[in-house]
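> need coordinates for the following:
(2 chains, ligands or ions: 1)
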Amino acid sequence: MSAVLVYIDFPAGSDASPDAAGTGTPTAGLSKMSMELLTLARVVGEPIVAASGPLSEEVRTALGSHGVQQIFQCEQSELREYLVAPKADFLAQVAARISPAAVLLDNSAEGKEIAARLGVALSAGVVTDAIGLDRALLAEKAVLAGSYLVKARATTSVAVITVKANSVTPEQAAHATAPAVETVKVSFGPASLGTRIVERTARPISGRPDLSEARIVVAGGRGVNGDFTPVEELADALGAAVGASRAATDAGWIEHSAQVGQTGKTVSPQLYISAGISGAIQQKAGMQTSTLIVAVNKDADSPVFEIADLGIVGDLFSVLPQATAEIKRRRS
Amino acid sequence: MELAAPSGAGSGAAALNIVVLVKHVPDTQLNRRLGEGNTLDRAESILSELDEYPLEAALQLAEARGGEAGGNMVTAVTMGPAAAVAAVKKALQIGAYQGVHLSDQALAGSDAAASSLALAALIRHLGPVDLVLTGLTSTDGETSLVPAQLAARLELPQVTFASSLEVISEGDSHKAVARRDGDTYADVVEAVLPAVVSVTDQINHPRYPNFKGIMAAKKKIIKTLSLADIGVAGEDVGTAGSWTVVESAAVRPPRTAGTIITDEGHAGIQLVEFLADHQLL
Ligand SMILES: Cc1cc2nc3c(=O)[nH]c(=O)nc-3n(C[C@H](O)[C@H](O)[C@H](O)COP(=O)(O)OP(=O)(O)OC[C@H]3O[C@@H](n4cnc5c(N)ncnc54)[C@H](O)[C@@H]3O)c2cc1C
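Residues are numbered from 1 along each chain as shown, chains lettered A, B, ... in the order given. From the prediction side, this is the model:
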């Protein structure tokens, strides 16, 4: 059976920061994203892990329950001190040793960049944004802002694939393993230590689900007029993530990482509630593959109503709090 | 016509030689289609709106150092079919000083690997540069792979997803300082130039071409190069040189409007009923 290399960034239990996708926290075990990657890896072959830092026993055990035979880890500080390239060098070196059929990474901005460089290092085709993967390494993905679904494949002997969150339901392996751990010593490429991280500020943890992974997203736009409270309260009542339009992030009402759209996150939750957002093409690009869309907007002519399963012409400051209260009432 | 060498280069001034990559892409405001061989139908294309940000960043950096007269150079570079030159022309109208168009039939169907290979060869051919600036992603491919692959191929530092960019110069030596906003942390990163830098739409407010700019653009030089000119074999790019293939494509049925209601005092409750009907509570 062929090997499939799964990359785990700044693994839980290491002293490093959580990974770029926000899917790992320093205290928890294996992230859901990592479990999804391992589940997909087992569809294709035998999962082998490359981790960008030392792993806690808890994570090693979790990897064992996902059938991982072998873990390669790197403990060199360059992976944390310089941008992207040292991680790609590490992965390239591991891949050269085990000749995997595929390398799987998460689809975060950084995951895609590591994949990009790895592609060059291994002369391997890179497929990003995969939402499904079959035994033959044919990856399914949406293109042109979600207007097409395509099946794409690397034509090279090794495929590099970045996978979006919620592409597969994580499942443990039928038989648990006790993975062997090997610490590798990476030699870095000539320009790999070219971009130094001189300052790193951790973002405050919201306690809400991650925007890219959430089952429900409640998003606010310019219509919230500086006050995200009704959006946040509805999100919390639903256990949802909070999103925003660029108008709202540009105004500084909410951090940029909440932006949904062409230059923000692409989300496809089961439910996207859009409040005070007009539905510009760049906003639609990030949310129109959601299963259900509910839009609340004062203006009946807003383009967002063209794609909404339920459109409510009304004031978000009365509709949202009423919905929040009703959810709480039904639950109590 | 020959391209001008930036007169300030090597003269000890803080002038910068900047290449901006611009892409000609189907207009995102219109219906975009996959055509023959599952490649993109490129009719009705424009300058990618995400490439206006690196161009603006380049112009601001050059202007802060005395502009063209101060020995700075801002070259807008594109690759693609004959029509792609429109992206360079637009960049010249906005303010780029000169343009380069890598035009070759063999480029058709290039994936990120093939594109970055051609662009790396093209940039090497153009001679020493201080900065290669790109957008966050292309609005058609949407993979964000090319900037990182280009940096890897050119063996230059990679400064990607910059939401701010400063160049600090000491004599001939330049250093880029950029802000990179991740989901769980915000970084400040530094690299000695030359480097490949991709910028986000947070970095600036791109200017529009004005009448003066449009007139001035007519006199600006656009150099057209072929793959042979830059020493790249046709089979290393395009469909033949790509490392990925799209095997099949299906149009997703466009979303249609569902029920529209007007709030008459209990729309919040109707919303919750809708959620309950769909088992979302
Ligand atoms: C290169 C580029 C990239 C971009 N990327 C993105 C992106 O990633 N994501 C994104 O979202 N945008 C993006 N944009 C911006 C996009 O074009 C729109 O400008 C933006 O989405 C508008 O945000 P909005 O809908 O919140 O604001 P507006 O368009 O101003 O709409 C506000 C809406 O709120 C409604 N409203 C006002 N008050 C209320 C109320 N009390 N109750 C209910 N409704 C109310 C109004 O009727 C209106 O429809 C990008 C633009 C460019 C040029």
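
> next up, the contacts around the residue in the stretch 51-200 of chain B that chain A sits nearest to.
Proximity of the stretch 51-200 of chain B to chain A (CB to the nearest CB) peaks at B:P157, 2.8 Å away. For glycine as for every other residue, the C-beta is placed from the backbone atoms N, C-alpha and C. By CB atoms under 8 Å, 6 or more residues apart in numbering or on different chains, B:P157 lies in contact with A:A191, A:G194, A:T195, B:A151, B:A191, B:V192, B:P194, B:A195, B:V196.

> out of the residues you listed, which are buried?
Using 16 or more other CB atoms under 10 Å in any protein chain shown as the burial test, these include A:A191, A:G194, A:T195, B:A151, B:A191, B:P194, B:A195, B:V196 as buried.

> farthest-separated two in those residues?
Greatest spatial distance in the buried ones among the contacts of B:P157: A:T195 and B:P194, 12.2 Å, computed using CB to CB.

> wait, B:S103 sits on B:I222?
No. If you go by CB atoms under 8 Å, B:S103 and B:I222 don't touch, sitting 10.4 Å apart.

> C-alpha coordinates for stretch A:139-152, PDB please?
The C-alpha trace of stretch A:139-152 is given here as PDB (Å, rounded to 0.1, in the frame of the first residue of the first chain):
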ATOM      1  CA  ALA A 139      -9.700  15.700  -6.000                       C
ATOM      2  CA  GLU A 140     -13.100  17.400  -6.200                       C
ATOM      3  CA  LYS A 141     -13.100  21.200  -5.900                       C
ATOM      4  CA  ALA A 142     -15.200  24.200  -6.600                       C
ATOM      5  CA  VAL A 143     -13.900  26.800  -9.100                       C
ATOM      6  CA  LEU A 144     -14.900  30.200 -10.400                       C
ATOM      7  CA  ALA A 145     -16.300  31.400  -7.100                       C
ATOM      8  CA  GLY A 146     -18.300  28.100  -6.700                       C
ATOM      9  CA  SER A 147     -20.000  28.200 -10.100                       C
ATOM     10  CA  TYR A 148     -18.400  24.900 -11.200                       C
ATOM     11  CA  LEU A 149     -17.400  21.700  -9.500                       C
ATOM     12  CA  VAL A 150     -14.400  20.100 -11.100                       C
ATOM     13  CA  LYS A 151     -12.300  16.900 -10.600                       C
ATOM     14  CA  ALA A 152      -8.600  17.600 -10.800                       C
END
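
> which among the buried ones among the contacts of B:P157 gets closest to B:E49?
B:E49 has its nearest neighbour among the buried ones among the contacts of B:P157 in B:V196, at 20.6 Å by CB to CB.

> one step back: tabulate the buried ones among the contacts of B:P157 (CSV), appending secondary structure and distance to B:M215.
Output for the buried ones among the contacts of B:P157, formatted as CSV (DSSP: H, G, I helix; E, B strand; the rest coil; distance: CB to CB, whole Å):
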residue, secondary structure, distance to B:M215
A:A191, coil, 41
A:G194, coil, 41
A:T195, strand, 40
B:A151, helix, 36
B:A191, strand, 37
B:P194, coil, 33
B:A195, strand, 34
B:V196, strand, 33
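
> overlap in contacts, B:S103 and B:I222.
The contact lists of B:S103 and B:I222 share B:V85, where a contact means CB under 8 Å, 6+ apart.

> ends of stretch A:284-291, how far apart?
13 Å (CA to CA, to the nearest Å).

> as a whole number, average confidence for it?
For stretch A:284-291, mean pLDDT is 93.

> which other residues reach it?
Here stretch A:284-291 has contacts from A:142, A:145-146, A:217, A:219, A:243, A:259-262, A:264-272, A:274, A:293, A:303-304, A:307, B:28, B:252, B:255, using CB under 8 Å, 6+ apart.

> list the buried residues for it?
The neighbour-count check on stretch A:284-291 (16+ other CB under 10 Å) flags A:K284, A:A285, A:G286, A:M287, A:Q288, A:T289, A:S290 as buried.

> which residue packs closest to the last one, ignoring adjacent ones?
What sits nearest to A:S290 in space, not counting adjacent residues and going by CB to CB, 6 or more residues apart in numbering or on different chains, is A:Y272, at 3.9 Å.

> for chain B, which helix is longest?
helix B:112-126 (DSSP state H).

> so which bits of it are buried?
For helix B:112-126, by 16+ other CB under 10 Å, it's B:112-123, B:126.

> for A:V168, what are its contacts?
For A:V168, the contacting residues are A:E36, A:T39, A:L40, A:G132, by CB under 8 Å, 6+ apart.

> so which of these belong to helices?
A:E36, A:T39, A:L40.

> so what's the second one up against?
Same thing as A:T39. A:H66, A:V168, A:T169, A:P170, A:E171.

> turn these into a markdown table, columns for distance to B:T143, secondary structure and pLDDT.
Below are these laid out as a markdown table (distance: CB to CB, whole Å; DSSP: H, G, I helix; E, B strand; the rest coil; pLDDT from 0 to 100):
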| residue | distance to B:T143 | secondary structure | pLDDT |
| --- | --- | --- | --- |
| A:H66 | 28 | coil | 96 |
| A:V168 | 21 | coil | 93 |
| A:T169 | 26 | coil | 93 |
| A:P170 | 25 | coil | 94 |
| A:E171 | 28 | coil | 95 |
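
> just the buried subset of these, written out for PyMOL, thanks.
PyMOL command restricting the contacts of A:T39 to the buried ones, with burial defined by 16+ other CB under 10 Å:
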select buried, chain A and resi 66+168+170
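
> farthest pair in the contacts of A:T39?
Farthest pair in the contacts of A:T39 (CB to CB) is A:H66 and A:T169. Separation: 13.2 Å.

> so for B:Y208, what's the nearest residue that isn't a sequence neighbour?
Closest residue to B:Y208 apart from its sequence neighbours, by CB to CB, 6+ apart: B:I94 at 7.4 Å.

> repeat that for A:S278.
Nearest residue to A:S278, sequence neighbours excluded (CB to CB, 6+ apart): A:S302, at 5.0 Å.

> any idea of the angle whatever helix or strand A:I114 lives in forms with helix B:112-126?
Taking DSSP states H and E as the criterion, A:I114 maps to helix A:109-122. Helix A:109-122 and helix B:112-126 are oriented at 70 degrees to each other (axes from the mean of the first three to the mean of the last three CA atoms, to 10 degrees).

> CA atoms only: put the helix or strand following helix A:109-122 into CSV for me.
For helix A:109-122, the following helix or strand on the C-terminal side (DSSP H and E) is strand A:125-130. Coordinates of each C-alpha in strand A:125-130 appear next as CSV, following Å, rounded to 0.1, in the frame of the first residue of the first chain:
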residue,chain,number,x,y,z
GLY,A,125,1.4,19.0,-9.2
VAL,A,126,-0.5,20.9,-6.5
VAL,A,127,-4.3,20.8,-6.2
THR,A,128,-5.8,23.3,-3.7
ASP,A,129,-9.2,23.7,-2.1
ALA,A,130,-10.1,20.0,-2.4
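
> neighbouring strands of strand A:125-130 in the sheet, and parallel or not?
Using DSSP bridges, the strands paired with strand A:125-130 in its sheet are strand A:159-163 (parallel).

> what's the spacing between the partner strand and its chain's center?
13 Å (CA atoms, centre = their mean, to the nearest Å).

> tell me the average confidence for that strand?
For strand A:159-163, mean pLDDT is 98.

> what about the helices in the stretch 151-281 of chain B?
Ranges of helices within the stretch 151-281 of chain B are B:211-217, B:238-241, B:267-277, based on DSSP state H, counting those that start in this stretch.
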